[in-house]
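Colleague: attaching a predicted model along with its sequence, questions to come.
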Amino acid sequence: MALRDSFLHLISQVSSYKRATLDEEDLLDTTSDGVSPSSTMQVGRGLGPRCWAVRTPVERRLVLALCALSLALFICILTLGVHYRNTRPGLCLSEQCVSVAAAVTGALDRSVDPCRDFYSFACGGWVKKNPLPEGKSRWDPFNNLWEHNMAIMKDLLESTEKQSLSEAEEKAQRYYKACMNEATIEKLGAQPLQELINKMGGWALSGPWDKDNFQEVLRTASAQFRSSPFFTVFVSTDSKNSSSNIIQVDQSGLGLPSREYYLNKTANEKYLRAYLDFLVEVGMLLGGSEETSHTLMTEIVAFESALANITVPQEERRDEESIYHKIQARELATLAPAIDWMPFLRAVFAPVVLNDSEPVVLYATEYLQKVSQLISNTSKSTLNNYMIMKVVRKMVSILDQRFQDAEQRFLEVMYGAKKSCAPRWKLCVSDTDSALGFALGALFVKATFTEDSKTFAEDMVAEIKGAFEDSLKHVGWMDDETKKAAKEKADAIYNMIGYPKFIMDPKELDKVFSDVSTEYLYFQNVMHYYSFSGRVTADQLRKAPNRDQWSMTPPTVNAYYNPTKNEIVLPAGILQSPFYNHEWPKALNFGGIGVVMGHELTHAFDDQGRVYDKDGNLRSWWKNSSAEAFKQQTQCMVEQYSHYNINSESLNGKHTLGENIADNGGLKAAFKAYENWIWKHGKEAALPALGMTNHQLFFVGFAQVWCSVRTPESSHEGVITDPHSPSRFRVIGTVSNSDDFSKHFGCPPDTPMNPRRKCELW
């Protein structure tokens, strides 16, 4: 409608101009050159060749001139109309545009100079209007959208309409309802876990412990309850042979989020104390005296500190080529003799038949040697206490309210979140998504996801991929041969949008979950899930990697890149506002979901993803000169982000390098794709009342996805553990490296958002 109105207005302007210059005197002078008015009228009426034949040569030239002038005028009007539309496309005044314009405006803080602090400019208003919700340690648009998705899942899980549900979907509903049966959970109390511990052989909480059953308890804890004490064992794609799956062994996690909590005891004293208090309280709830529980849990924390001391920091594990080590299972006995490996592996991967020539990939060779020595030098009682506690920690959230209250008190200290009165359904929806997320995902997709959203996402990924490949041509530090291989890898990236296909086929969905049993008792359902998960893992060992197997469920508000499959996965859960809305200006869509897509695509070329080829194999496909130049280029980014700090705590630019590369590359690719879209389709209407161009809106839309509030404790945990930079620096770090940002916001050189030294990779 805006285009039509603008075109009519333009015609009226041209018509007015003609009337103003061609008055009646001009018309009379035109006819005085030997041509009578009657002859002129005949020109207008003459429609056939006979009429044309009787015209004088002067008349014929005049007719041809008038025709040429009319055609030229038409072309001029059309050209001016298109130019007017492209240069002054007007405002988008639809309900959606007005609504999103209000939301964008409300999140801004216009008192801040965008060239000095773009995050505060884009998010200052949002931060003021969004105090942390009760019980939350952080809050951002991701959390908000997840809460929205959970509310939808709650309605679907509580629906009483059974006619069209598959058996798998009904199992998800039963799992959820058992979780919601608080009366039964409270009545049972600690009994289910106490019975489980007794079946494992008991522990020192209730008496002296000198049993020689370390190997048996280790097998049970790992195989039946997936608790991974000491190390973790799993099945995944072989990084150097992406067409097959293989057993993999890596270092395990700790009770606290990171090794740094144990090693820097002075700075983290309050967290260590809260952790010990939590373990002591759990021990007492399971029947131990306060004194015995305190003694036992103190030993556990001391042992975990020893484990933390030999755990390799994540920033030292980024070179996957150097930590990949393939051996045969029999070699594990020499490497880490404290473990009886073959019985252990057979228990974990039952019923698959294994022999000692089974190939195994290690990602923590030195750690396994050290943990074997630690096990050999530690008392049987302490080892048993630790293994049992690893199982207990997994079960706390599925027991009665006393256990949950104890954990909540610990989390209050750990993350600074005040105790909330969050309804139980949120816990149960989240747990159902974790256990039966693809059955629940089928319900979610049918209720919320449209195929045009999938088509839109596929088209946008293609546009961003094209923009990335175009930028690749201009990367000065990379040789042509490696550029060609990089383009081939980008071309080969496989897009998984919305959901895996099998969940929309009830027979296939039921087949996947046929081995899952859901009962009236919540605790038993969780145990059934652990058994099911173990069988699925074992089954994968003898099968080729499956593209239809996702690592995220459809309702998830996130996305990922898988290097061994060279694929991007964008679940249905994130293909919603504030990341995407088909009625919004493209500037917001490219700045939102477009940057997310560009981020995941760029992971294929970050410091870890780049070493995988187009087929997902870990190998050296770069020329040495380009590989060395890449490392030099990334050092700029390591230094840039290491200079940022939050609450006087410096970021670790080496630890966050991969995500920072993806953030910067994703922003650049999405912006270039948006400019390409404008070139193809013309400028789009602007949002009302904002007073900014759509190019500026792109950057504002990108930034507002990352508006965030969080507690100091949560920020501290993020700096230590999160491979992503804090939200503030995901914004200012990327825009300060962007010439496009500085150009469209008019930032003078040497302003904080437009430094002379910019870190650019892709």
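Modeller: Structure's in. What do you need?

Colleague: where does the nearest residue to Ala457 once chain neighbours are set aside land in three-state SS?
Modeller: Counting by C-beta to C-beta, 6 or more residues apart in numbering, the nearest residue to Ala457 once its immediate chain neighbours are dropped is Ile497, at 4.7 Å. Yep, even glycine has a C-beta here, placed from its N, CA and C like the rest. Classification of Ile497 by DSSP: H, G, I helix; E, B strand; the rest coil places it in strand.

Colleague: and what of the one 5 residues further on?
Modeller: State at Phe502, reduced to three classes by three-state DSSP: helix.

Colleague: how much space between it and Phe118?
Modeller: 43 Å (C-beta to C-beta, to the nearest Å).

Colleague: residues contacting the residue nearest to Ala457?
Modeller: Lys454, Ala457, Glu458, Val461, Leu570, Leu575 (C-beta atoms under 8 Å, 6 or more residues apart in numbering).

Colleague: compare Phe502 and Phe118 (neighbour count), which wins?
Modeller: Phe118 (27 against 17; other C-beta atoms under 10 Å).

Colleague: now Lys528, nearest residue through space, not along the chain?
Modeller: I think there's a mix-up here, since residue 528 is His and not Lys. Ser517 (4.7 Å).

Colleague: from Tyr175, how far out is the one you found?
Modeller: 10 Å.

Colleague: okay, these two: which has more neighbours?
Modeller: Tyr175 (26 against 15).

Colleague: which SS state does that one fall under?
Modeller: helix.

Colleague: surely it touches Ala435?
Modeller: Yes. Applying C-beta atoms under 8 Å as the test, Tyr175 and Ala435 come out as touching, 6.2 Å apart.

Colleague: list residues touching both of the two?
Modeller: Both Tyr175 and Ala435 are contacted by Asn525, under the criterion C-beta under 8 Å, 6+ apart.

Colleague: what are the ranges of the strands in the stretch 101-250 of the chain?
Modeller: Counting by DSSP state E, counting those that start in this stretch, residue ranges of the strands within the stretch 101-250 of the chain are 138-139, 231-238, 241-251.

Colleague: what sits up against the shortest one?
Modeller: With C-beta under 8 Å, 6+ apart as the test, strand 138-139 has contacts from Asn130, Leu132, Pro133, Ser708, Val709, Arg710, Thr711, Ser714.

Colleague: how near is the second one to Ser111?
Modeller: Think Leu132. Distance of Leu132 to Ser111, given as C-beta to C-beta: 23 Å.

Colleague: with neighbour numbers in mind, choose between the two.
Modeller: Shown here are Leu132 and Ser111; by other C-beta under 10 Å, Leu132 has more neighbours (16 against 9).

Colleague: shouldn't the more buried one be in contact with Thr711?
Modeller: Yes. Assessed by C-beta under 8 Å, Leu132 is found in contact with Thr711 at 6.9 Å.

Colleague: okay, and the common contacts of the two?
Modeller: Arg138, Ala417.

Colleague: for Ile678, which three-state class applies?
Modeller: Criterion first, three-state DSSP; result for Ile678: helix.

Colleague: residue contacts, it?
Modeller: Ile678 neighbours (C-beta under 8 Å, 6+ apart): Glu684.

Colleague: roughly how far does the residue nearest to Ala457 sit from Leu443?
Modeller: 19 Å.

Colleague: repeat for Ala122
Modeller: From Ala122 to Leu443 the distance is 36 Å (C-beta to C-beta).

Colleague: who's more crowded, those two?
Modeller: Between Ala122 and Leu443, Ala122 has the larger neighbour count (other C-beta under 10 Å), namely 27 against 24.

Colleague: so that one touches Val705, yeah?
Modeller: No. Counting by C-beta under 8 Å, Ala122 sits too far from Val705 to count as a contact (9.7 Å).

Colleague: just the pLDDT for the closest residue to Tyr641 other than its chain neighbours.
Modeller: Counting by C-beta to C-beta, 6+ apart, Tyr641 lies nearest to Gly653, which is 3.8 Å off, once chain neighbours are set aside. What the model reports as pLDDT for Gly653 is 95.

Colleague: how about the contacts made by Gly653?
Modeller: Gly653 neighbours (C-beta under 8 Å, 6+ apart): Met637, Val638, Glu639, Gln640, Tyr641, Ser642, His643, Asn660.

Colleague: try Asp250
Modeller: Applying C-beta under 8 Å, 6+ apart, the residues contacting Asp250 are Phe231, Thr232, Phe234, Leu362, Tyr363, Ala364.

Colleague: quick one, what contacts the first one?
Modeller: When you say that, I think you mean Phe231. For Phe231, the contacting residues are Val249, Asp250, Gln251, Ser252, Ala364, Tyr367, Leu368, Val371, by C-beta under 8 Å, 6+ apart.

Colleague: narrow those residues to just the buried residues.
Modeller: Among the contacts of Phe231, those classed as buried by 16 or more other C-beta atoms under 10 Å are Val249, Asp250, Gln251, Ser252, Ala364, Tyr367, Leu368, Val371.

Colleague: and those, which is closest to Gln608?
Modeller: Asp250 (14.8 Å; C-beta to C-beta).

Colleague: burial of the closest residue to the closest one other than its chain neighbours, as a residue count?
Modeller: Counting by C-beta to C-beta, 6+ apart, Asp250 lies nearest to Tyr363, which is 4.3 Å off, once chain neighbours are set aside. Close neighbours of Tyr363, defined as other C-beta under 10 Å, add up to 18.

Colleague: so for Tyr363, what's the pLDDT?
Modeller: Tyr363 is given a pLDDT of 96.

Colleague: kindly report the same for Cys76.
Modeller: The model's pLDDT for Cys76 equals 50.

Colleague: I'd like the contacts of Asp250 as TSV, with distance to His695 appended.
Modeller: Output for those, formatted as TSV (distance: C-beta to C-beta, whole Å):
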residue	distance to His695
Phe231	51
Thr232	47
Phe234	45
Leu362	49
Tyr363	44
Ala364	47
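
Colleague: quick one: which of the residues you listed is nearest to Met387?
Modeller: Phe231 (12.1 Å).

Colleague: so how far is Arg174 from the closest one?
Modeller: For Phe231, the distance to Arg174 - C-beta to C-beta - is 35 Å.

Colleague: give me the buried subset of the contacts of Gly653.
Modeller: If we count by 16+ other C-beta under 10 Å, those have these buried: Met637, Val638, Gln640, Tyr641, Ser642, Asn660.

Colleague: for the second one, pull up the helix or strand it's in.
Modeller: In this case it means Val638. Element membership for Val638, per DSSP states H and E: helix 624-642.

Colleague: what's the offset of the following helix or strand past that helix from the middle of its chain?
Modeller: Beyond helix 624-642 in the direction of the C-terminus, DSSP H and E gives the next helix or strand as strand 645-646. From the chain centre to the centre of strand 645-646 is a distance of 23 Å (C-alpha atoms, centre = their mean, to the nearest Å).

Colleague: parallel or antiparallel, list what pairs with strand 645-646.
Modeller: strand 649-650 (antiparallel) (DSSP bridges).

Colleague: any idea of the mean pLDDT for the strand it pairs with?
Modeller: pLDDT averaged over strand 649-650 gives 94.

Colleague: low-confidence stretches in this protein?
Modeller: Across the chain, the ranges flagged by pLDDT under 70 are 1-55, 57-89, 210, 420.

Colleague: would you map the strands across it?
Modeller: Per DSSP state E, the chain carries strands over the ranges 138-139, 231-238, 241-251, 325-328, 359-362, 494-498, 560-562, 567-571, 645-646, 649-650, 709-710.

Colleague: separation between Leu132 and His474?
Modeller: As for Leu132, its distance to His474 is 44 Å (criterion: C-beta to C-beta).

Colleague: no, scratch that, I was asking about Ala102
Modeller: Ala102 is 39 Å from His474, by C-beta to C-beta.

Colleague: more neighbours, those two?
Modeller: Higher neighbour count among Ala102 and His474: Ala102, with 14 against 8, using other C-beta under 10 Å.

Colleague: got the contact list for the closest residue to the more buried one other than its chain neighbours?
Modeller: Nearest residue to Ala102 in three dimensions, chain neighbours excluded: Ala689, at 7.8 Å (C-beta to C-beta, 6+ apart). With contact set as C-beta under 8 Å, 6+ apart, Ala689 has these partners: Ala101, Ala102, Thr105.
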